[in-house]
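Peer 1: Sequence unavailable; structure follows:
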């Protein structure tokens, strides 16, 4: 049995980790725009992990589902190669206008971003197989199981898949929770775990981050 003091220590540690990343003025401004729009941005620690992941795989081609106001995009671009292109999908034109403003503020060349407005499932079905170094899912949890299928197809061998909302504030780890969003996230995580070409781990940052790598041939 875990003592109350142990739980408190775990909470303090997680808070410390979450608050250990300090964003610059451009990211803070993008975060404020996201909150004004109701486009929940990834926490700074999750953003930093996105950047590190992009660096680790030498990302040149990245696909993102859920542009928001560009916070996660800024972090991904920070870790990508200087000639890399971020393809970001969102169904809300206002979100992508805010993201474009964030990218301009960061002096990111327009040629480095491809923002696509539309339903993610339709857009993902048109993207090339085995062509992306990293895929990031940060959208409605109910849709994650479908997007996992597309994401695995898009990844090159050695590529990385990251899925936000993988723990949903603790509901995913609670067997008593059976709401549709929780069941969908469990199904998405199970699809990755059951895929013999993928190796995955859960990281308790933000709403939980599932990190997976596609095995090299």
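Peer 2: Cool, the structure landed. Computed from a predicted structure; not experimentally measured. Residues are numbered from 1 along each chain as shown.

Peer 1: Run through the strands of the chain in chain order.
Peer 2: With DSSP state E as the criterion, the chain has strands at 61-65, 85-90, 113-117, 132-137, 155-164, 198-203, 209-214.

Peer 1: Now tabulate the ones you listed in a markdown table and tack on distance to residue 180, mean neighbour count and mean pLDDT.
Peer 2: Heads up, the C-betas are built off the backbone N, CA and C, glycines and all. What follows is those, written out as a markdown table (distance: least, Cβ to Cβ, whole Å; neighbours: other Cβ atoms under 10 Å; pLDDT from 0 to 100):
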| stretch | distance to residue 180 | mean neighbour count | mean pLDDT |
| --- | --- | --- | --- |
| strand 61-65 | 19 | 26 | 98 |
| strand 85-90 | 22 | 23 | 98 |
| strand 113-117 | 26 | 18 | 97 |
| strand 132-137 | 17 | 26 | 98 |
| strand 155-164 | 17 | 21 | 97 |
| strand 198-203 | 20 | 15 | 96 |
| strand 209-214 | 18 | 22 | 97 |
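
Peer 1: Just tell me which of the ones you listed ends up closest to residue 17.
Peer 2: strand 198-203 (10.0 Å; Cβ to Cβ).

Peer 1: quick one: the closest one to strand 155-164, angle?
Peer 2: Following axes from the mean of the first three to the mean of the last three Cα atoms, to 10 degrees, one obtains 20 degrees for the angle between strand 198-203 and strand 155-164.

Peer 1: List the contacts of strand 198-203.
Peer 2: Strand 198-203 has contacts (Cβ atoms under 8 Å, 6 or more residues apart in numbering) with 49, 152, 161, 166-167, 189, 192-193, 208-215.

Peer 1: Also stretch 82-94?
Peer 2: Contacts of stretch 82-94 (Cβ under 8 Å, 6+ apart): 37, 39, 54, 59-68, 73, 76-77, 80, 96, 99, 111-120, 123-124, 127, 132.

Peer 1: do stretch 65-72 as well
Peer 2: Stretch 65-72 is contacted from outside by 27, 30-31, 33-34, 37, 39-42, 46-47, 50, 64, 73, 88-90, 95-96, 98-103, 115, 120, 124, 135-139, 147, 164, using Cβ under 8 Å, 6+ apart.

Peer 1: could you flag which of the residues you listed are buried?
Peer 2: In the contacts of stretch 65-72, burial by neighbour count holds for 27, 30-31, 33-34, 37, 39-42, 46-47, 50, 64, 73, 88-90, 95-96, 98-100, 102-103, 115, 120, 124, 135-139, 147, 164, counting by 16 or more other Cβ atoms under 10 Å.

Peer 1: hmm, back to that, switch the strands of the chain over to JSON lines; also include distance to residue 174.
Peer 2: Output for the strands of the chain, formatted as JSON lines (distance: least, Cβ to Cβ, whole Å):
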{"stretch": "strand 61-65", "distance to residue 174": "26"}
{"stretch": "strand 85-90", "distance to residue 174": "30"}
{"stretch": "strand 113-117", "distance to residue 174": "36"}
{"stretch": "strand 132-137", "distance to residue 174": "22"}
{"stretch": "strand 155-164", "distance to residue 174": "19"}
{"stretch": "strand 198-203", "distance to residue 174": "14"}
{"stretch": "strand 209-214", "distance to residue 174": "17"}
